[in-house]
Every structure is written in structure tokens, then in C-alpha cells.
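> This is the structure alone, sequence omitted:
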């Protein structure tokens, strides 16, 4: 089962690479180079987390804790660098983010199948939202918050992620409708988490949180969707059991 899923992910990466090839043909040299760095870095991130979830759970728990610590640090750092501006906004945001982090901490200790399912749905949604948006995006969803997000990108990523969730159904052993509903919740939380991260950066007028991850805008830019999607699954698990 794990080997089959890994092969599916590699096929997705190949398709994503083809998509980025066509995207880069329309970009300048510097932006195309940055996209290649982002793609390669993402490949290593996916493999490290996939293997740790599947085979080395203590390692994944440690990585999950590091993601939480780094995310909180990046959020607080921007607030400090701004000279403590927008205190009320920061207070609400950090409280919400800490709640998500607590839920995410519960999530990383859940059963392997549901963790892997969530991780893959989020990654597929993230990747193909970006590819769909850059290839076919026309109608902007929130131009004042995140100009890059389009209806076409959201729809493309959601459709592919939902379809993929059915291929991954064996990880959670749910009925078809239950699998789709779970994937829908993960996608909604993942998208909302990403949007809130974009809002935070807009309020503090920065493009990136940090340069900790090459080609990405920091730990928050890379894992905000995973934290929010994982938090949803943790809340779902608590309510269910």
C-alpha cells in the first residue's frame, strides 16, 4: 500500500514538473530559476516527511514540533520587527495560530494512516492549486490579500485533491462519502490557513517570513496549510472519539 502510494506521488511530481516547465517558459530567467529551486526543495520536503510518517514516526513527531516552533518564531519575529505595530491584530492572530498549533500537535501523534492521508491531500491541493492557477488562472479570489490566488487555481487543486483522496482511501478505511467529506474539511482548512498567512504578511508588508527554506517564504509559507489541515483532523478526531 505504501509503495503504491509513493509511486502515485512520484507520478504527481512528474506531472507537476511538466506543469512548471510550461509555466517557466513564460517567466524571466530569475523567476524561472526560483521556481526550479522551489520545485526541487519541495521534492525533498515531501520525501522526508512522507518517509518519516510512514516508517519513522518518532522522527516525524520531532519534525512536527520543529515546524510548530519555527512557525511561532516567524510570526512573532515579524511583529517584533514591525516595532510592535498592529498589537490588536497580532493578539488575535497569535491566539488563533496557537490554538491551531495545539491541535496540530495532537494531530502529529495520531495513527499513521490518517496523518499520511492528511499530509498527501494537503500537498496535492497546494501543488496543483498553484499549477492550475499559474496555467489557467483568470478570476482573482482575494486580490487585496493574496493576488496569486484564483478561482481556477482553487478549483483545480480541490478537484485533483478530492479525486486523489479516493485513491488514498485505504489509508483511513472510510466509505467513499466519508472520505470525500474528510478531504473537503482538510482542503477548506488548508486554504483558510494559507489565506490567513497571506493576510498576516500583508498587514506587516513583507513578502516572506524568512529564508529558512530555499525557494519558499519560510516555514509558515510552506507548512501553514499542513498545520491548519492537520488541526482540522485533530479536532475531527477529538469530536468523533
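Perfect, thanks for sending it. Quantities reported herein were computed from a predicted structural model and do not represent experimental measurements.

> Just the buried residues of the host helix or strand of residue 178, please?
Residue 178 is part of helix 176-203, with elements assigned from DSSP states H and E. The neighbour-count check on helix 176-203 (16 or more other Cβ atoms under 10 Å) flags 179-180, 182-183, 185-187, 189-191, 193-201, 203 as buried. (Each C-beta comes from the backbone N, C-alpha and C, glycine too.)

> Now do that helix, average pLDDT.
Across helix 176-203, pLDDT averages out at 94.

> and that helix, what other elements does it pack with?
In terms of contacts (3 or more Cβ pairs under 8 Å, 6 or more residues apart in numbering; DSSP states H and E), helix 176-203 is packed against helix 57-81, helix 87-107, helix 112-136, strand 146-150, helix 151-167, helix 219-240.

> now do 10 Å
Helix 176-203 sits against helix 57-81, helix 87-107, helix 112-136, strand 140-142, strand 146-150, helix 151-167, helix 219-240, with contacts defined as 3 or more Cβ pairs under 10 Å, 6 or more residues apart in numbering; DSSP states H and E.

> neighbouring contacts of the fourth one?
Translated: strand 140-142. For strand 140-142, contacts defined as Cβ atoms under 10 Å, 6 or more residues apart in numbering pick out 133, 146-154, 191, 195, 198-199, 202.

> who does it pair up with?
strand 146-150 (antiparallel) (DSSP bridges).

> To residue 13, which of the helices and strands packed on helix 176-203 lies closest?
Checking those against residue 13 by Cβ to Cβ gives helix 112-136 as the closest, at 8.4 Å.

> I'd like the distance from the closest one to the chain centre, please.
Remark: helix 112-136 is offset 7 Å from the chain centroid, using Cα atoms, centre = their mean, to the nearest Å.

> for stretch 43-60, same thing?
That offset, for stretch 43-60, works out to 15 Å (Cα atoms, centre = their mean).

> Then stretch 26-41?
19 Å.

> Only the buried residues of that stretch, if you could.
In stretch 26-41, counting by 16+ other Cβ under 10 Å, buried: 32, 34, 35, 38, 39.

> And the contacts of that stretch?
Applying Cβ under 10 Å, 6+ apart, the set of residues contacting stretch 26-41 is 13, 16-17, 19-21, 23-25, 127, 130, 134-135, 213-217, 222.

> Kindly report the same for stretch 168-175.
1-2, 4-5, 8-9, 111-118, 120-121, 124, 161, 165, 176, 178-183, 233.

> Apply 8 Å and report the result again.
Outside of stretch 168-175, the residues within contact range by Cβ atoms under 8 Å, 6 or more residues apart in numbering are 1, 5, 113, 114, 116, 117, 120, 121, 176, 179, 182.

> End to end on that stretch, go ahead and measure it.
12 Å (Cα to Cα, to the nearest Å).

> Please apply the same query to stretch 139-153.
End residues of stretch 139-153 are separated by 9 Å (Cα to Cα).

> Next, the buried residues of that stretch.
Result for stretch 139-153 [16+ other Cβ under 10 Å]: buried residues 140, 141, 145, 146, 149, 150, 152, 153.

> possible to save the helices and strands packed on helix 176-203 as JSON lines with mean pLDDT and distance to residue 44?
What follows is the helices and strands packed on helix 176-203, written out as JSON lines (pLDDT from 0 to 100; distance: least, Cβ to Cβ, whole Å):
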{"stretch": "helix 57-81", "mean pLDDT": "96", "distance to residue 44": "13"}
{"stretch": "helix 87-107", "mean pLDDT": "96", "distance to residue 44": "22"}
{"stretch": "helix 112-136", "mean pLDDT": "91", "distance to residue 44": "13"}
{"stretch": "strand 140-142", "mean pLDDT": "87", "distance to residue 44": "30"}
{"stretch": "strand 146-150", "mean pLDDT": "85", "distance to residue 44": "23"}
{"stretch": "helix 151-167", "mean pLDDT": "93", "distance to residue 44": "21"}
{"stretch": "helix 219-240", "mean pLDDT": "91", "distance to residue 44": "12"}
